[in-house]
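Peer 1: quick one, fold the following:
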Amino acid sequence: MRRGRRGAIKGLVAGGLGLWLYSFYEPVLRIELVRHRIDLDLGLEILFVTDTHLHGVPGREDSVIKLVEDLSREVDLTILGGDMYDEFSESLESFSSLLDAISGEAIMVLGNHEHWAADRYPLEETIEMAESRGVTVLRNGVVEYKGLHIGGVDWYGDNPQLARRYYRDVGSVDILVSHTPDILGDAEVDARLVLAGHTHGGQILGPLGLITNSRHGYVSGFYRRGEALMYVSRGAGEIIPFRLLTPREVTLLSV
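Peer 2: Numbering: from 1, shown residues only. I've put the predicted structure just below:
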């Protein structure tokens, strides 16, 4: 009986160690190209990249930038969903490289970490850097592209009242981009498609829905609220390279 118990304990320890080691493999070596076809008749191919958290790490981040370079040539529109860098980024060199890698039309919104890093990297400089590469930064604004209205909501600090005020400046759109998926619960969104990130897919055990920084319980994948369909990306990076069953992703959407 004791031997059986010891064997079970050893098995649990070995299993736990294996999961722990694997949790470092996912963010360092594994990134998925996720493809979705959504029947919205918008006639767009979109490359959606969010939460890269670029720190200038060789190899790991080069793979994301290379994917963007290759895939942005194949789509109509590239959308950057925020948290492209953070307050721990040594410089904006990798972010600059990501912007340079984009071909064609591109839109970006800001996430919480661009705001939190503003003392080090002023938002005005970030916006100027992006727009000098032809990337339109939407801060509660709308652009028209191929007859479609695409809106972007700025980071609003988990403040529903501020979310509603920001969204009023955007109004009814075909596509709404928000760093946080909670916009779908914080405001009465009138959009056919909402694109968001922020959650990192839960980062740990995301498929089980046990951990999320969304106040409305969003983790990753598709959600619907009224007529609005939302896709939440797991993101292409994180501050601490630790993930478990929530691999990084870059997303291609045919809508």
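Peer 1: where in this structure is the helix or strand with the lowest mean pLDDT?
Peer 2: helix 2-29 (a mean of 50; mean pLDDT, DSSP states H and E).
Peer 1: looking at stretch 55-70 now, give me its mean pLDDT.
Peer 2: For stretch 55-70, mean pLDDT rounds to 89.
Peer 1: do the same with stretch 165-179
Peer 2: 98.
Peer 1: span of it from start to end?
Peer 2: 16 Å (CA to CA, to the nearest Å).
Peer 1: kindly report the same for stretch 103-113.
Peer 2: Stretch 103-113: ends 25 Å apart by CA to CA.
Peer 1: what comes up buried for that stretch?
Peer 2: 103, 105-113 (16 or more other CB atoms under 10 Å). All C-beta atoms are positioned from the backbone trio N, CA, C, and that covers glycine.
Peer 1: quick check: the two most widely separated of those residues?
Peer 2: Within those, two members stand farthest from each other by CB to CB: 103 and 112, at 28.0 Å.
Peer 1: in helices, which of the buried residues of stretch 103-113 fall?
Peer 2: 112-113 (DSSP state H).
Peer 1: can I get the buried residues of stretch 103-113 in a markdown table with distance to residue 214?
Peer 2: Formatted as a markdown table, these follow (distance: CB to CB, whole Å):
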| residue | distance to residue 214 |
| --- | --- |
| 103 | 32 |
| 105 | 29 |
| 106 | 26 |
| 107 | 22 |
| 108 | 21 |
| 109 | 17 |
| 110 | 18 |
| 111 | 13 |
| 112 | 12 |
| 113 | 16 |
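Peer 1: leaving out sequence neighbours, find the closest residue to the most centrally placed residue in the chain.
Peer 2: For the chain, residue 50 is the residue whose C-alpha lies nearest the centre (CA atoms, centre = their mean; 2.8 Å). Once flanking residues are discounted, residue 50 sits nearest to residue 81: 2.8 Å by CB to CB, 6 or more residues apart in numbering.
Peer 1: same thing with residue 51?
Peer 2: Nearest to residue 51 is residue 235, by CB to CB, 6+ apart, at 2.9 Å.
Peer 1: hang on, the one you found packs against residue 250?
Peer 2: No - in this structure, residue 235 is not within contact of residue 250 by CB atoms under 8 Å, at 9.4 Å.
Peer 1: which of these two has more residues huddled nearby?
Peer 2: It is residue 235, of residue 235 and residue 250, that has more neighbours when counted by other CB atoms under 10 Å, with 28 against 22.
Peer 1: that one: which element?
Peer 2: Counting by DSSP states H and E, no helix or strand carries residue 235.
Peer 1: do the same with residue 100
Peer 2: Residue 100 belongs to helix 93-101, assigned by DSSP H and E.
Peer 1: which strands and helices sit next to that helix?
Peer 2: helix 60-71, helix 123-131 (3 or more CB pairs under 8 Å, 6 or more residues apart in numbering; DSSP states H and E).
Peer 1: what angle separates it from helix 123-131?
Peer 2: Relative orientation of helix 93-101 versus helix 123-131 (axes from the mean of the first three to the mean of the last three CA atoms, to 10 degrees): 30 degrees.
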